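A.B. asks: Any chance you can model this:
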Amino acid sequence: MMQTRRRWLMQVAGGTVLAGWSGVDLTAAELPAGVYEPSRDHLGHALAGHLIEQGGETELFGEHLFQQSFFHDPNKHEALGDIISIILGEPPEAAIVNEIARWIDLILIESAEVRAAARSLSTSHRTLALRYYGMEEVRNLEEFDAQKIVTEGINWLDTQSKKPHGFHSLSRSTQVALVKTISDDRHDPKSDNSGTRFFSYLKARVADGFYTSRAGLDELGYRGNAFYASPPGCEHLYG
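C.D. replies: Have a look, this model is predicted:
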């Protein structure tokens with residue numbers, strides 16, 4: 001969803017930065033011409049094994065193509081994996097931890113570009129976005145700075161760790177204890193700082209990442225598009 005939204009924003013972005021909200025009339029503003037329903041042809045092509053253009057909407061990213069982009073300090077990238085593993089209750093070396101860490105790295109490196117694109121929409125395209133996504137979603141795209149939240153959060157953890165190499169150099173038990181002070185189980189649930197804001201953001205991203213991964217879908221029992229000859233549990237009615 002993030003990639004689709006980003007591509008859409010990049011395509012419709014204009015050159016004018018819109019200021020304020022009071023000037024938008026959702027009923028009177030003219031919408032730009034275009035087709036507003038997504039095409040599924042590209043997905044069919046991808047699943048059928050057709051050639052995918054590099055840089056295209058359906059470009060596939062393999063393990064060998066990943067390059068750590070956001071965290072230039074490897075200790076901070078490893079710290080991200082440590083915290084993800086604590087949230088999931090998995091060992092740091094688990095494949096799912098690495099998968100989610102890479103996905104979050106991609107989100108972070110592209111978040112500034114997404115925000116800039118959202119802020120540069122023309123009046124008509126911004127009106128379209130407001131009608132389709134709603135004000136809260138559009139405003140979040142324009143204003144939320146994920147890079148700042150994550151950078152300040154990990155820096156906070158590094159400072160609290162009081163170790164030369166930061167949070168990643170702590171023992172597992174000490175890491176868990178420190179994360180608990182900023183988690184939903186902290187002593188004062190109303191307390192707010194760089195650490196708590198970071199945990200809140202990361203917890204949501206980890207949930208998104210896990211339940212859209214193969215491991216998460218397997219845990220949910222998702223079997224893809226399928227149908228039953230009769231409703232499960234009602235065989236006595238339908239045979």
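
A.B. asks: So which bits of the longest helix seen in the chain are buried?
C.D. replies: Looking across the chain with DSSP state H, the single longest helix is helix 95-119. Buried residues in helix 95-119, defined by neighbour count with 16 or more other CB atoms under 10 Å: 96-108, 110-111, 114-115, 117-119. For the C-beta atoms, the positions are set from N, CA and C on the backbone; glycine is no exception.

A.B. asks: and what of stretch 200-214?
C.D. replies: 201-202, 205-206, 208-210, 213.

A.B. asks: what's the farthest-apart pair in the residues you listed?
C.D. replies: 201 and 213 (18.7 Å; CB to CB).

A.B. asks: quick revisit: tell me the one of the buried residues of stretch 200-214 nearest residue 219?
C.D. replies: Looking across these and measuring by CB to CB, the closest to residue 219 is residue 210, at 8.2 Å.

A.B. asks: residues contacting that closest one?
C.D. replies: 88, 96, 100, 216 (CB atoms under 8 Å, 6 or more residues apart in numbering).

A.B. asks: Do I have it right that the second one meets residue 217?
C.D. replies: To tie it back to what came earlier, the one meant is residue 96. No: judged on CB atoms under 8 Å, residue 96 makes no contact with residue 217 at a distance of 11.6 Å.

A.B. asks: rewinding a little: the buried residues of stretch 200-214 in helices, which ones?
C.D. replies: Among these, the members that lie in helices (by DSSP H) are 201-202, 205-206, 208-210.

A.B. asks: okay, these in a markdown table with pLDDT next?
C.D. replies: What follows is these, written out as a markdown table (pLDDT from 0 to 100):
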| residue | pLDDT |
| --- | --- |
| 201 | 96 |
| 202 | 96 |
| 205 | 95 |
| 206 | 95 |
| 208 | 93 |
| 209 | 92 |
| 210 | 93 |
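
A.B. asks: Residue 103 against residue 110, yeah?
C.D. replies: No: the pair residue 103 / residue 110 is not scored as a contact, 11.2 Å apart, by CB under 8 Å.

A.B. asks: residues of stretch 136-148 that come out buried?
C.D. replies: So for stretch 136-148, counting by 16+ other CB under 10 Å, buried means 138, 141-142, 146-147.

A.B. asks: Just the CA coordinates for that stretch, please, in CSV.
C.D. replies: Extracted C-alpha coordinates of stretch 136-148, given in CSV (Å, rounded to 0.1, in the frame of the first residue of the first chain):
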residue,chain,number,x,y,z
GLU,A,136,-6.7,12.9,8.4
GLU,A,137,-4.9,10.6,6.0
VAL,A,138,-3.8,13.4,3.7
ARG,A,139,-2.6,15.6,6.5
ASN,A,140,-0.6,12.7,7.9
LEU,A,141,1.1,12.3,4.5
GLU,A,142,1.9,16.0,4.4
GLU,A,143,3.2,16.5,8.0
PHE,A,144,4.3,13.2,9.6
ASP,A,145,8.1,12.9,9.7
ALA,A,146,8.9,9.2,10.2
GLN,A,147,12.6,9.8,9.8
LYS,A,148,12.7,12.3,12.7
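
A.B. asks: Can you name the residues in contact with that stretch?
C.D. replies: The contact list for stretch 136-148, computed with CB under 8 Å, 6+ apart, reads 5, 9, 21, 70, 107-108, 111-112, 114-115, 118-119, 126, 129-130, 201.

A.B. asks: can we see that at 7 Å?
C.D. replies: 107-108, 111-112, 114-115, 118-119, 129-130, 201 (CB atoms under 7 Å, 6 or more residues apart in numbering).

A.B. asks: Repeat that for stretch 172-192.
C.D. replies: 82-83, 86, 157, 160-161, 167, 195-196, 199.

A.B. asks: can you give me the strands for the chain?
C.D. replies: Assigned by DSSP state E, the chain shows no strands.
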